[in-house]
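Visitor: Can you look at this prediction? I've put the sequence above it.
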Amino acid sequence: MNLDKLMQKRHFLTSLAVAAALCSPSAWSQEKFKIGLILPMTGPFASTGKQIEAAAKLYMAQNGDTVAGKKVELIVKDDTSAPDVTKRIAQELVVNDKVSVLAGFGLTPLALATAPIATQSKTPLVVMAAATSSITEASPFIIRTSFTLPQAAVGLADWAPKNNIKKVVTLVSDYGPGIDAEKYFKDRFTFNGGQVIDTLRVPMRNPDFAPFLQKVRDAKPDAVYVFVPSGAGAALMKQFAERGLDKAGIRLIGTGDVTDDDILNGMGEVAMGVITSHHYSASHNSPLNKKFVEAFSKANAGLRPNFMAVGGYDGMRVIYEAAKATKGVGGQALLDAMKGQVFESPRGPVFIDAQTRDVVHNIYIRKVERVGGQLYNQEFETIKDVKDPGKSR
């Protein structure tokens with residue numbers, strides 16, 4: 001009898017120990033909240049991947065690697081900017097790794113290729129870079145924390161006619177964002193009394209801007225309005241100077257991609273005075289942004305964050321806050337918790353529109369100036385709370 005009681009007591013104590021272990025933080029941390037971050041880490045758009053990955057890791061370093069009692073696992077994959085590779089990686093992340101979120105997407109075709117997987121698996125897909133207006137319409141599970149080209153384009157189309165720019169040639173990369181940039185600038189600019197005398201589209205693969213810039217010079221506009229993907233601005237600016245457009249009195253204006261903070265310092269004098277419209281500059285004057293730039297630079301050997309970085313940083317914020325709200329549950333509940341978030345970002349105030357699942361933020365008109373021996377996009381005009389014009393029709 002005493003032996004039976006002893007065995008019962010041991011069984012009871014063992015059960016208590018197991019229960020305590022299951023309730024302990026260390027046991028909970030074994031359960032993971034996985035984020036699949038798909039980025040171009042090699043090839044011509046590697047700077048986009050580098051910036052977003054660095055920003056995502058900075059957010060985790062600042063806010064911890066656990067959320068809702070679960071260990072956050074960031075799985076970074078290189079898609080080499082190839083849509084078929086992106087789609088395959090996304091499928092593997094959902095099926096094999098069982099990620100709660102797909103994120104990243106450096107270019108529009110990559111986000112669009114993955115949209116059906118997000119829909120079928122009910123996995124929220126956070127677009128941190130790609131900027132074609134229609135992306136969020138490709139799946140009800142897409143949320144965007146980057147920007148849209150129409151947002152950036154219309155601000156400049158309002159500014160230019162008021163500042164002695166009446167005749168313009170547009171020069172854009174020939175894919176979704178470029179076509180958006182061309183259309184929404186042209187529509188607004190002509191509405192404001194301006195004239196677009198030619199529209200030029202440069203192939204995405206192995207772009208040579210020189211023959212297109214020669215056409216611009218021959219047309220003798222007041223300005224050339226430009227969109228190129230992040231990282232391609234340096235080649236464009238070099239050829240702009242080589243073709244003598246600046247000396248011919250033709251101004252260069254565009255969306256902020258062309259004077260990307262990541263490469264701006266290397267452009268030299270030709271970039272001075274270039275006017276762009278965009279949602280983020282490393283020189284944005286706010287306490288939060290100053291802290292962000294300092295921390296980012298310190299964590300990445302002096303690298304300056306660009307607009308891709310802020311898209312990644314804010315994307316992680318949206319994911320973390322949604323995971324907290326759902327206690328780590330994924331799917332539709334996680335998506336719903338991402339919608340409607342309002343917060344202060346290094347770029348300024350941000351709102352994730354619950355209806356469109358797209359970002360609403362300020363757009364700034366900026367001028368490249370030398371500050372403390374370095375080139376910066378200095379903001380001088382603010383257009384507040386800009387929704388995507390592509391969704392307001």
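Guide: Now that the structure is in, tell me what you want to look at.
Visitor: residues touching residue 202, list them.
Guide: Residues in contact with residue 202 (Cβ atoms under 8 Å, 6 or more residues apart in numbering) are 171, 172, 173, 174, 208, 209, 212, 228. To be clear about C-beta, it is placed using only N, CA and C from the backbone, and glycine gets the same treatment.
Visitor: ok, now how distant is it from residue 173?
Guide: Relative to residue 173, residue 202 is positioned 6 Å away (Cβ to Cβ, to the nearest Å).
Visitor: Mind listing the shared neighbours of the two?
Guide: Common contacts of residue 202 and residue 173 (Cβ under 8 Å, 6+ apart): residue 228.
Visitor: sorry, back to before: name the nearest of the contacts of residue 202 relative to residue 269.
Guide: In terms of Cβ to Cβ, no member of the contacts of residue 202 lies closer to residue 269 than residue 209, at 18.4 Å.
Visitor: Burial check on the closest residue to the closest one other than its chain neighbours, number of neighbours?
Guide: Among residues not flanking residue 209 along the chain, residue 239 sits closest, at 4.6 Å (Cβ to Cβ, 6 or more residues apart in numbering). As a burial measure, residue 239 scores 19 neighbours (other Cβ atoms under 10 Å).
Visitor: Remind me which helix or strand residue 36 belongs to.
Guide: Using DSSP states H and E, the element containing residue 36 is strand 32-39.
Visitor: Show me which residues of that strand are buried.
Guide: Neighbour counts over strand 32-39 (16 or more other Cβ atoms under 10 Å) mark 32, 33, 34, 35, 36, 37, 38, 39 as buried.
Visitor: Note down every partner strand of it and its orientation.
Guide: Sheet pairing for strand 32-39, assigned by DSSP bridges, gives strand 70-78 (parallel), strand 101-104 (parallel).
Visitor: Which stretch among the ones you listed is buried most, on average?
Guide: Each of the strands paired with strand 32-39 was scored by mean neighbour count; the highest is strand 101-104, a mean of 29, by mean count of other Cβ atoms under 10 Å.
Visitor: what pLDDT, on average, does that strand get?
Guide: Per-residue pLDDT values over strand 101-104 give a mean of 98.
Visitor: Give me the residues contacting that strand.
Guide: By Cβ under 8 Å, 6+ apart, strand 101-104 touches 34-39, 49, 52, 56, 90, 93-94, 114, 117-118, 123-129, 312, 315, 319, 330, 334.
Visitor: now with 7 Å?
Guide: 35-39, 52, 90, 93, 114, 118, 123-126, 128, 315, 319 (Cβ atoms under 7 Å, 6 or more residues apart in numbering).
Visitor: same thing with stretch 385-393?
Guide: Residues contacting stretch 385-393 (Cβ under 7 Å, 6+ apart): 133-134, 148, 150-151, 154, 180, 184, 353, 356, 358, 360-363.
Visitor: List the buried residues of that stretch.
Guide: Neighbour-count burial for stretch 385-393 [16+ other Cβ under 10 Å]: 386, 387, 388, 389, 390, 391.
Visitor: So which of those sit within strands?
Guide: Counting by DSSP state E, the buried residues of stretch 385-393 place residue 386 in strands.
Visitor: Minimum pLDDT in the buried residues of stretch 385-393, which residue is that?
Guide: residue 391 (81).
Visitor: shouldn't the residue nearest to residue 209 be in contact with residue 213?
Guide: Yes - using Cβ atoms under 7 Å, residue 239 makes contact with residue 213 at a distance of 5.6 Å.
Visitor: Quick check: the farthest pair among the contacts of residue 202?
Guide: Taking every pair in the contacts of residue 202 and measuring Cβ to Cβ, the maximum separation is 14.8 Å, between 172 and 208.
Visitor: So if I had to pick from those two, which one is more boxed in?
Guide: Applying other Cβ under 10 Å to residue 172 and residue 208 shows that residue 172 carries more neighbours, namely 26 against 11.
Visitor: need the contact list for that one.
Guide: 178, 181, 182, 201, 227.
Visitor: if you set the cut-off to 8 Å instead, what comes out?
Guide: Residue 172 neighbours (Cβ under 8 Å, 6+ apart): 178, 179, 181, 182, 199, 200, 201, 202, 226, 227, 228.
Visitor: Can you select the buried ones from those in ChimeraX?
Guide: If you want just the buried ones from the contacts of residue 172 in ChimeraX, going by 16+ other Cβ under 10 Å, the selection is:
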select :178,179,181,182,199,200,202,226,227,228
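Visitor: what is the residue nearest to residue 38 when sequence neighbours are not counted paired to in the beta sheet?
Guide: Spatial nearest neighbour of residue 38, excluding adjacent residues (Cβ to Cβ, 6+ apart): residue 104 at 4.4 Å. For residue 104, the beta-bridge partners are residue 38, residue 127 (DSSP bridges).
Visitor: And the pLDDT for the nearest residue to residue 70 once chain neighbours are set aside?
Guide: Using Cβ to Cβ, 6+ apart and skipping the chain neighbours, the partner closest in space to residue 70 is residue 33 (4.1 Å). Residue 33 carries a pLDDT value of 98.
Visitor: my guess is residue 33 contacts residue 75, does it?
Guide: No - the pair residue 33 and residue 75 fails to qualify as a contact (Cβ atoms under 8 Å) at a distance of 11.3 Å.
Visitor: got any ranges where the chain has weak pLDDT?
Guide: Filtered on pLDDT under 70, the chain yields the residue ranges 1-30, 392-393.
Visitor: mind listing the helices in it by residue range?
Guide: Along the chain, the segments classed as helices by DSSP state H run 2-23, 25-28, 46-63, 83-95, 108-121, 149-159, 176-191, 210-219, 233-242, 287-299, 307-326, 331-338.
Visitor: Now the fourth one: buried residues?
Guide: Buried residues in helix 83-95, counting neighbours by 16+ other Cβ under 10 Å, are found at 83, 85, 86, 87, 88, 89, 90, 93, 94.
Visitor: name the helices or strands packed onto that helix?
Guide: strand 32-39, strand 70-78, strand 101-104, helix 108-121 (3 or more Cβ pairs under 8 Å, 6 or more residues apart in numbering; DSSP states H and E).
Visitor: what about dumping the CA coordinates of that helix to CSV?
Guide: What follows is helix 83-95, C-alpha atoms only, in CSV (Å, rounded to 0.1, in the frame of the first residue of the first chain):
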residue,chain,number,x,y,z
PRO,A,83,9.3,35.4,-61.2
ASP,A,84,9.4,31.6,-61.6
VAL,A,85,12.0,31.3,-58.9
THR,A,86,10.0,33.6,-56.6
LYS,A,87,6.9,31.5,-57.0
ARG,A,88,8.7,28.3,-56.4
ILE,A,89,10.4,29.6,-53.2
ALA,A,90,7.0,31.0,-52.0
GLN,A,91,5.4,27.5,-52.5
GLU,A,92,8.2,25.8,-50.6
LEU,A,93,8.0,28.3,-47.7
VAL,A,94,4.3,27.8,-47.4
VAL,A,95,4.2,24.0,-47.8
